[in-house]
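> Sequence and predicted structure below; questions after.
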Amino acid sequence: MSLVDLVLPLALGWPLVLALRSLACFYNQSPVNQPVYLTWAWVSAPWPALLLPFLGEAQWTMDSWLLGSLWELDAISRAWLAFTALLWSFSALYARGYFAAEQQKAQTGESDAQRRMMRLAVLWPLTLTGNLLLIIAEDIASFYLGFALMTFAGYGLVVHTGTRRALHGGRAYLILAILGEGLMLGGLLWGAGEAQTVTLPGLREGIASAEQGVWMALLLWLGLGVKAGVIGLHVWLPLAHPVAPAPASAVLSGAVIKAGLLGWLNVLPLGVLEAHGDFAVLGRFMLVLGLVAAFGAALYGVWQRHPKAVLAYSSISQMGMLTALVAMGLIAPATWPLLLPAIVLFAAHHALTKGALFMGTGLSEHPPRMPKVLLFGGLALPGLSLAGAIGAGMVSKWSIKSALYAHEHTGLMTLLTVAAVGTSLLMSATLWRQWQQWGEPGSNACSLGGWLAAIMAALLTPLWLPLPPDSLEFPSVSEWWGLIWPYVAGVGLVTVGLGLLRRWPVSDVRLPAGDAWWLYASWAAWVLTRVQAQAENLSARKKRTVKACLRAEQRMMRILARIISYEVWMRQHTSGLMMALALVFALLMLL
């Protein structure tokens, strides 16, 4: 048995052990012995999984698990597992400092704080376990189990505070999650039944050759797209992130949202040259919606007042870019071998930078005791990298640019470059909102350490991400300006915009976070009103029908009573009637 075979059970089992421990501590506590939930052992939940990607490739087959499972660490899943486990590790360290005050309240015996900390300590490792399982799963049942566990355990992270706004954000999250689960499950069952397979590679091949494969792919794209923030299904992001705690937002936007993207890579026939032309039509549809998200979310997000809402729209915009790139695997399959490593690097870099940015919102609310300018400079670093101006962001943008230019897709690259200006606008707007909402000092060493580690890992992503050799290309100095200018343009637009707002204030511009959610809610209210009116109408008709039936029944009963009274009279006079009848017959015979 190899080392990787020993680490795998620990990677999936250790978070479950910690969740059970937290649950046991809550129910076994005493007034004089209050448990500490976010211990260093709790922080270590992702550490075994962090070892797996760097131990090499492996495959596990277990016939007795579900319908027969296939788990695998290949080039893509190793890289995905590496950045996912790393982000969970930094976020857990950050959470230990972020929730220190609430933990102290729980230890003093405050019941509400105890329940909140217990839920967090249990649901955090459960969400992590689901996230890890879906990454290594190559069979349909394990993938869906991990996805569902991550989804529904993650609900508890969104509603942690229990406020009215948190419950509203959690409701939006849960409604969209159930919709996505239904669409995804329909696509999985349809495709698996058509292809007669229980594995994701078999499902992907079956979809590529099936007559109705494009409809299966559409169901799966939409179902997984709820997590990936596909435009129209994205509305939970700007409602859930502002109300969730900062460490929860970090993993939701950095790791959980990427589960949808990984699902696309696993089930869609990307790069399959033999796939029929309908998949190209689906790819063009995906491309258009991806670009709409990339530009629309940027334009809408800059008007948000809460920095976490701005970051949520930034995630929608970035995932729109990734959606457009994934679409190229259906439109132009020949580009896929070059695009795939660039997409994985993009996803890894975005996960860590977005995690660092959300952690930064918690630091600006309760900053550590250090010079404000120095801390503010640190807050700007991940935004600079996300916009492609420094570090791994520059390498990620160049990898995508090289792959698209190699196959002469210059139009898409131009659009994505312009969309990067929107990223710069959103990062600048985030910093501005954080500056406006600067709070009182309160962060500790754990929060600061988790945040700094996430920034360093994000900036240096290409150096540690376990991708195949020579799959990434670093830009030359002569190409730097072509990569940096969108950030400069975005900063310039923000500067001009702030100057115009100072001269002509527009204080009444308030675009609600959630955008289309409120439209959906009004439609739902309209439908429910109509349904309620129809229900009341049917109820009134039912009452009228019941009354009419009762009246008819009463008439029938009176008629029956009269008939019965005749029957009683006839029974009493039977002999006389028979004699009269006999006499009548006799007279008739005489006549």
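Structure's in. What do you need? Numbers count the residues shown, from 1 in each chain.

> Quick one: end-to-end length of stretch 95-111, please.
Stretch 95-111 stretches 20 Å from its first residue to its last (CA to CA, to the nearest Å).

> Can you list the neighbours in contact with that stretch?
31, 34, 36-38, 40, 42-43, 113-114, 116-117, 120, 124, 245-248, 362, 442-450 (CB atoms under 8 Å, 6 or more residues apart in numbering). No exception for glycine: its C-beta is placed from N, CA and C like everyone else's.

> Any idea which residue is closest to the centre of the protein?
Nearest to the geometric centre of the chain sits Lys227, at 2.8 Å (CA atoms, centre = their mean).

> Does the helix or strand containing that residue pack against any helices or strands, and if so which?
Taking DSSP states H and E as the definition, Lys227 sits inside helix 213-228. When contacts are defined as 3 or more CB pairs under 8 Å, 6 or more residues apart in numbering; DSSP states H and E, helix 213-228 sits against helix 164-195, helix 200-209, helix 257-267, helix 278-301, helix 307-331.

> Of all those, which one comes closest to Gly422?
Nearest to Gly422 among those is helix 278-301 (2.7 Å), distances taken as CB to CB.

> Strands along this structure, start to end?
Ranges of strands in the chain, per DSSP state E, are 58-62, 69-73.

> Those strands into JSON lines, with extra columns for mean pLDDT?
Output for these, formatted as JSON lines (pLDDT from 0 to 100):
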{"stretch": "strand 58-62", "mean pLDDT": "88"}
{"stretch": "strand 69-73", "mean pLDDT": "90"}
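
> Would you mind finding the most buried of those strands?
strand 69-73 (a mean of 22; mean count of other CB atoms under 10 Å).

> Please report the distance of the closest residue to Trp480 other than its chain neighbours from Trp60.
Leaving aside its sequence neighbours, Trp480 sits nearest to Met394 (CB to CB, 6 or more residues apart in numbering; 7.2 Å). Counting by CB to CB, to the nearest Å, the gap from Met394 to Trp60 is 37 Å.

> Might you list the low-confidence residue ranges for this protein?
Residues of the chain meeting the criterion pLDDT under 70: 1, 30-32, 501, 504-509, 591.

> what domains does the record give for it?
3-503, 516-590 (automatic domain parsing).

> distance between the helix ranked longest in the chain and the chain's centre?
The helix that spans the most residues within the chain, counting by DSSP state H, is helix 516-572. Computed by CA atoms, centre = their mean, to the nearest Å, the chain-centroid distance of helix 516-572 equals 47 Å.

> likewise stretch 3-13?
What separates the centre of stretch 3-13 from the centre of its chain is 27 Å, taken as CA atoms, centre = their mean.

> Show me what counts as buried in that stretch.
Neighbour-count burial for stretch 3-13, with 16 or more other CB atoms under 10 Å as criterion, is recorded at Val4, Val7, Leu8, Ala11, Leu12.

> ok now do the closest residue to Phe54 other than its chain neighbours, which residues does it touch?
Closest residue to Phe54 apart from its sequence neighbours, by CB to CB, 6+ apart: Pro466 at 6.3 Å. Contacts for Pro466 (CB under 8 Å, 6+ apart) come out as Pro53, Phe54, Arg78, Ala79, Ala82.

> can you check His306 too?
Contacts for His306 (CB under 8 Å, 6+ apart) come out as Pro242, Arg433, Ala513.

> For it, give its distance to Ala246.
12 Å.

> Next: Leu384.
20 Å.

> who has more neighbours, the two?
Just comparing Leu384 and Ala246: by other CB atoms under 10 Å the higher neighbour count belongs to Ala246, 25 against 21.

> How about that one, nearest residue that isn't a chain neighbour?
Leaving aside its sequence neighbours, Ala246 sits nearest to Gly362 (CB to CB, 6+ apart; 3.3 Å).

> ok so, going back, including distance to Asp74, could the helices and strands packed on helix 213-228 go into CSV?
As requested, the helices and strands packed on helix 213-228 are exported to CSV (distance: least, CB to CB, whole Å):
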stretch, distance to Asp74
helix 164-195, 21
helix 200-209, 10
helix 257-267, 11
helix 278-301, 23
helix 307-331, 17
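
> would TSV of these with distance to Leu134 and mean neighbour count be doable?
Output for the helices and strands packed on helix 213-228, formatted as TSV (distance: least, CB to CB, whole Å; neighbours: other CB atoms under 10 Å):
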stretch	distance to Leu134	mean neighbour count
helix 164-195	11	19
helix 200-209	10	20
helix 257-267	6	24
helix 278-301	21	20
helix 307-331	17	27
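
> Ok, which of these comes nearest Val235?
Nearest of the helices and strands packed on helix 213-228 (CB to CB): helix 164-195, 6.3 Å.

> now for the closest one, which elements pack on it?
helix 140-158, helix 200-209, helix 213-228, helix 236-240, helix 257-267.

> tell me the angle that helix makes with helix 200-209.
For helix 164-195 against helix 200-209, the angle by axes from the mean of the first three to the mean of the last three CA atoms, to 10 degrees is 70 degrees.

> what comes into contact with stretch 432-441?
Residues contacting stretch 432-441 (CB under 8 Å, 6+ apart): 304-307, 310, 360-361, 364-369, 372, 376, 379, 494, 498.

> That stretch: end-to-end distance?
With CA to CA applied, stretch 432-441 spans 19 Å between its terminal residues.

> List the buried residues of stretch 434-452.
By neighbour count with 16+ other CB under 10 Å, stretch 434-452 contains the buried residues Gln434, Gly442, Ser443, Cys446, Ser447, Leu448, Gly450, Trp451, Leu452.

> So what's the gap between it and the chain middle?
26 Å.

> What of stretch 324-339?
Its chain's C-alpha centre and that of stretch 324-339 lie 23 Å apart, by CA atoms, centre = their mean.

> do the same with stretch 207-218
Using CA atoms, centre = their mean, the offset of stretch 207-218 from its chain centre is 24 Å.

> Could you write out the alpha-carbon coordinates of it in CSV?
Extracted C-alpha coordinates of stretch 207-218, given in CSV (Å, rounded to 0.1, in the frame of the first residue of the first chain):
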residue,chain,number,x,y,z
ILE,A,207,-23.6,12.6,-24.1
ALA,A,208,-21.2,13.3,-27.0
SER,A,209,-22.7,10.5,-29.1
ALA,A,210,-26.3,10.5,-27.9
GLU,A,211,-29.0,11.8,-30.3
GLN,A,212,-30.5,14.0,-27.5
GLY,A,213,-27.0,14.6,-26.0
VAL,A,214,-27.2,18.4,-26.4
TRP,A,215,-30.3,18.5,-24.2
MET,A,216,-28.6,16.4,-21.5
ALA,A,217,-25.6,18.8,-21.7
LEU,A,218,-28.0,21.8,-21.4
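
> Can you list the buried residues in that stretch?
Ile207, Ala208, Ala210, Gly213, Val214, Trp215, Met216, Ala217, Leu218.

> The first one touches Val267, doesn't it?
Yes - proximity of Ile207 to Val267 meets the contact threshold set by CB atoms under 8 Å, at 7.0 Å.
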